[in-house]
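> only geometry, no sequence info:
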């Protein structure tokens, strides 16, 4: 089944992401998302700090978080998984390959029923 994306919300920096996490879902006009794509190298507050905040929040802890970043450092990858990342994708320079990776993410986490894809998926996305 193809994924259905109804809305995409962009948050410009880690501080704004932290602020969104602290808002109660009923007070947030957009609610809690079905999926978070997170860069590690965010301005103001780094992505790893945001990831840990997501996993410590009762409202956000079950939301899949896919780290999408330029880092291929094995230590970054290990720390992200240890901190609760659902998947880790290294950004590629080729826009076609990046689009394919994002489509895979959407299919894995948003395709099919929400119950089928809720929570954490261990390991990298299939090639």
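Looks like it came in fine. Values in this document were obtained by computation on a predicted structure and should not be read as measured data.
> Going by C-alpha atoms from here, please, whenever you check contacts or count neighbours.
Fine.
> Do you have the strands of the protein handy? List them.
36-38, 65-69, 87-90 (DSSP state E).
> Just name the most buried of those strands.
Comparing the strands of the chain by mean neighbour count (mean count of other Cα atoms under 10 Å), strand 65-69 ranks first with a mean of 23.
> What is it packed up against?
In terms of contacts (3 or more Cα pairs under 8 Å, 6 or more residues apart in numbering; DSSP states H and E), strand 65-69 is packed against strand 36-38, strand 87-90.
> ok, residues contacting the first one?
Judged by Cα atoms under 8 Å, 6 or more residues apart in numbering, the contacts made with strand 36-38 from elsewhere in the structure are 47, 51, 63, 64, 65, 66, 67, 68, 69.
> which one is the first one nearest to, not counting chain neighbours?
Translated: residue 47. Nearest residue to residue 47, sequence neighbours excluded (Cα to Cα, 6 or more residues apart in numbering): residue 40, at 3.9 Å.
> And for residue 59, the neighbour number?
By other Cα atoms under 10 Å, the residues close to residue 59 number 16.
> So it sits against residue 32, correct?
Yes. In this structure, residue 59 is within contact of residue 32 by Cα atoms under 8 Å, at 7.4 Å.
> residues shared between the contacts of these two?
Listed as contacting both residue 59 and residue 32 by Cα under 8 Å, 6+ apart are residue 25.
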